[in-house]
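Asker: Sharing a model prediction with you, sequence too.
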Amino acid sequence: MKDYWREESPGTRPEAEIYDILAEKKVPHVATMVAGGDVEGMRTQTHEACFKLSAYPLGDSSYFRLQNPLQCHRIFLDTVARDLSAFGDCKVLVNCIADAMEAAQCAFAYARIMHRDISSGNIMITPAHRGLLIDWDLCLVLDSEALTHHPQRTGTWQFMSIGLLQGGKDKEAVVNTLDDDKESVFWVLVHTALRYLKHSLEPTELSQKLLNLFDSKALDEFGRPKGGQFKRTELPACAHDSNELATFKVPGFNNLLTELAGLLLVRYRQPTAEAVQRYEARLEKGGEVDEDNSVAIYKAKLERLADPNWLHETLRRHAKKIPLPTQPLPAISLFPQPGRAGAERAPEGSSPVTMYDFHRNEFSSEEVGIEELHARSPASISQRLDGMGWRRFVEHGTGDDGPAHKKRKLGGSKKACTV
């Protein structure tokens with residue numbers, strides 16, 4: 001169930017209505033809604049007070065600016081999925097992000113709906129290791145009314161495109177486009193890979209890079225949040241050689257980042273006006289244009305970027321080349337070794353449990369084949385732990401400095417384990 005307060009404003013649609021449209025248009029990789037709608041009698045009244053107070057001269061008139069009412073909205077989905085950070089291996093990560101982009105592209109093509117909030121939190125993984133794109137509450141239905149009332153950028157700050165983060169040169173707000181969603185997919189991939197895949201960066205380097213790329217922010221001359229300067233520097237470096245970002249240990253992953261960055265960079269590297277004039281003059285005279293002409297390359301990349309199938313097909317093509325981990329790790333016991341601080345004896349009759357290490361992108365060793373272990377779902381692991389008397393699996397920490405070793409009491413039991 002999702003329960004939240006949606007803004008009532010011209011041009012917006014309730015999320016339940018969006019899910020109905022997506023289902024009618026048969027958009028793939030979207031959760032199935034069982035029921036949904038506004039909750040009767042749950043509507044805010046703050047806007048009424050602000051409307052009254054705005055009539056009084058109390059200094060800063062913007063303090064009591066007019067607000068739209070908020071309406072409680074609930075939807076029920078019958079699709080169960082897990083967070084993108086629990087991808088298991090890099091092949092699943094890339095395929096799930098490809099599925100999410102296909103959902104966004106098909107929603108735009110079939111229903112004229114633009115998601116506008118592609119983020120790591122809005123991409124989920126089904127038990128079948130497929131991706132789902134969720135949270136359509138900020139989407140925009142591309143009709144005349146919506147376009148009139150949405151002259152502003154929208155999205156999750158960490159994953160917004162460079163163009164949206166840097167804004168316009170005047171007070172006029174920048175607006176989202178489908179290309180911004182495509183670029184957000186790239187930053188979701190980079191952010192998730194830096195946090196969970198094995199690479200060459202030291203913890204302090206990683207922490208600083210994550211902070212600079214995804215959380216840097218300042219105010220421009222109009223008082224609006226502005227960012228993206230580090231992304232603007234990193235994108236061309238990544239397009240030239242993604243090892244400048246980090247050298248990932250997953251075979252072929254750096255090649256994927258280089259190809260994606262190379263095409264997305266065309267949004268910010270336009271040819272000069274003189275080069276365009278020379279190019280057009282040569283075409284008018286019937287002359288041939290060299291393949292390495294900067295304007296010809298620019299136009300070819302723009303056409304490629306506009307291809308509705310380019311991004312998810314590129315992701316899947318590279319995912320096929322990414323091998324499953326083949327080097328197993330030594331068995332990892334849930335129970336600390338005797339003599340270590342906080343160590344507890346394993347319950348009688350239990351045996352050590354091995355697992356997948358998300359941070360190292362490798363399987364732990366166990367007496368099963370790699371393919372069988374790859375197909376296991378988190379539910380089967382949880383059931384096994386429950387059978388051993390453990391109430392809940394203690395997950396890896398998600399700190400930027402790598403896996404955090406946490407000790408947690410489990411569900412009222414006096415037992416604790418360190419992972």
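Answerer: Great, that's in hand.

Asker: ok, for Phe253, nearest residue in space, not its chain neighbours?
Answerer: Excluding the flanking residues, the one nearest Phe253 by C-beta to C-beta, 6 or more residues apart in numbering is Cys90, at 6.2 Å. Backbone N, C-alpha and C define where each C-beta goes, glycine included.

Asker: Got phi/psi on that neighbour?
Answerer: For Cys90, the backbone dihedrals are phi -60, psi -30 (criterion: degrees, to the nearest 10).

Asker: That one contacts Pro251, doesn't it?
Answerer: No: taking C-beta atoms under 8 Å as the definition, Cys90 is not a contact partner of Pro251, at 9.1 Å.

Asker: Give me the common contacts of these two.
Answerer: Residues touching both Cys90 and Pro251 (C-beta atoms under 8 Å, 6 or more residues apart in numbering): Ile322.

Asker: and the two? which has more neighbours close in?
Answerer: Neighbour tally, Cys90 and Pro251, criterion other C-beta atoms under 10 Å: the higher count belongs to Cys90, 27 against 11.

Asker: list the contacts for that one?
Answerer: With C-beta under 8 Å, 6+ apart, Cys90 has these contacts: Ala193, Leu197, Val250, Phe253, Ile322, Asn361.

Asker: same thing but at 10 Å, please
Answerer: 192-193, 196-198, 248-253, 256, 318-319, 322-325, 361 (C-beta atoms under 10 Å, 6 or more residues apart in numbering).

Asker: Can you read off the pLDDT for it?
Answerer: pLDDT recorded at Cys90 is 94.

Asker: and what of Leu132?
Answerer: For Leu132, pLDDT reads 96.

Asker: That one reaches Asn122, doesn't it?
Answerer: Yes: when contacts are counted by C-beta atoms under 10 Å, Leu132 is listed as touching Asn122 (9.0 Å).

Asker: what is in contact with the two at once?
Answerer: Common contacts of Leu132 and Asn122 (C-beta under 10 Å, 6+ apart): Leu84, Ala100.

Asker: mind listing the helices for the stretch 101-250 of the chain?
Answerer: 144-149, 162-166, 178-196, 203-215, 229-240 (DSSP state H, counting those that start in this stretch).

Asker: which regions of this structure sit below the pLDDT cut-off?
Answerer: In the predicted model, the chain carries pLDDT under 70 at residues 11, 51-67, 144-151, 170-172, 287-289, 291-292, 326-419.

Asker: Tell me the buried residues in the top strand by length along it?
Answerer: Ranked by residue count and defined by DSSP state E, the top strand of the chain is strand 33-43. Judged by neighbour count (16 or more other C-beta atoms under 10 Å), strand 33-43 contains these buried residues: Met33, Gly36.

Asker: Could I get the CA-only coordinates of it as CSV?
Answerer: The C-alpha coordinates for strand 33-43 follow below in CSV (Å, rounded to 0.1, in the frame of the first residue of the first chain):
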residue,chain,number,x,y,z
MET,A,33,-2.7,-1.8,-9.2
VAL,A,34,-5.5,-3.6,-7.4
ALA,A,35,-7.4,-0.6,-6.1
GLY,A,36,-6.7,3.1,-5.5
GLY,A,37,-8.1,6.6,-5.1
ASP,A,38,-8.6,9.6,-2.9
VAL,A,39,-9.6,9.0,0.8
GLU,A,40,-12.9,10.8,1.4
GLY,A,41,-12.8,13.4,4.1
MET,A,42,-9.0,13.7,4.2
ARG,A,43,-8.2,17.0,2.6
